[in-house]
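**Q** I'd like to go over a predicted model; first the sequence, then the structure.
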Amino acid sequence: MPSAPSSSLEGLYLDHHNWLTGWLRRRLGCPDSAADLAQDTFMRLLQARQAPLLNEPRAFLTTVAKRVLCNHYRRQDLERAYLQALAQLPEDLAPSEEHRAIIFETLLELDRLLDGLPLPVKRAFLMAQVDGLSYSAIGVQLGISLATVKRYLNKAAMRCYFAL
């Protein structure tokens, strides 16, 4: 049974960390990943400007942990896609481990920056920035007009600019 609402992040951690880790373990099936994501959940709370006053701390923690879990799955999907793309490269063109790590971190940052944009906008931006396609080539591949390509790329660029 949970105790009275915690007035500090430390109290929230002490009262609910074990419960949250168990909740995540049941969803992930891996105690190590569950412990990491529980820590990530509390790190998010630490990075917030103000500790919230909570009547239902477990419901709040569940909401934050679900977001952390979604990010975890997105990262796994991105990593899997990246590794598949690397596997298709000839061995002599494959980047070094250091460059792989840098590229992957850049992909994660791009994914974070573009989060919330419609899929066609993301695709157009990536086709321009990663694949180096021209606006007309993007329009042909996506089946959209040149004006729409420009609008999509402007929207994505503005998102990146204001996120930084």
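**A** Thanks, I have it.
**Q** now stretch 95-103 - C-alpha only, CSV.
**A** Backbone C-alpha positions of stretch 95-103 (Å, rounded to 0.1, in the frame of the first residue of the first chain) are rendered in CSV as follows:
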residue,chain,number,x,y,z
PRO,A,95,32.0,3.2,-41.1
SER,A,96,34.3,2.6,-38.1
GLU,A,97,32.7,1.9,-34.7
GLU,A,98,33.3,5.5,-33.7
HIS,A,99,31.6,6.8,-36.8
ARG,A,100,28.8,4.4,-36.3
ALA,A,101,28.2,5.7,-32.8
ILE,A,102,28.3,9.3,-34.0
ILE,A,103,25.9,8.6,-36.9
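**Q** avg pLDDT for it?
**A** Per-residue pLDDT over stretch 95-103 has a mean of 92.
**Q** ok, stretch 110-128 next?
**A** The model assigns stretch 110-128 a mean pLDDT of 90.
**Q** what sits up against it?
**A** 74, 78, 133, 135, 137-138, 141-142, 144, 149, 152-153, 155-157, 159-160, 163-164 (Cβ atoms under 8 Å, 6 or more residues apart in numbering). Where you see a C-beta, it was placed from the backbone N, CA and C, and this is true even at glycine.
**Q** and the protein, what are its domains?
**A** Annotated domains of the chain cover 1-91, 95-164 [automatic domain parsing].
**Q** now render those as JSON lines, adding mean neighbour count.
**A** As requested, the domains of the chain are exported to JSON lines (neighbours: other Cβ atoms under 10 Å):
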{"stretch": "domain 1-91", "mean neighbour count": "14"}
{"stretch": "domain 95-164", "mean neighbour count": "14"}
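**Q** which one of those has the lowest average pLDDT?
**A** With a mean of 87, domain 1-91 has the lowest mean pLDDT of these.
**Q** pull up the gap between S96 and I103, please.
**A** 10 Å (Cβ to Cβ, to the nearest Å).
**Q** if we can go back for a sec, now, the contacts of stretch 110-128 that are in helices?
**A** Cross-referencing the contacts of stretch 110-128 against helices under DSSP state H gives 74, 78, 135, 137-138, 141-142, 149, 152-153, 155-157, 159-160, 163.
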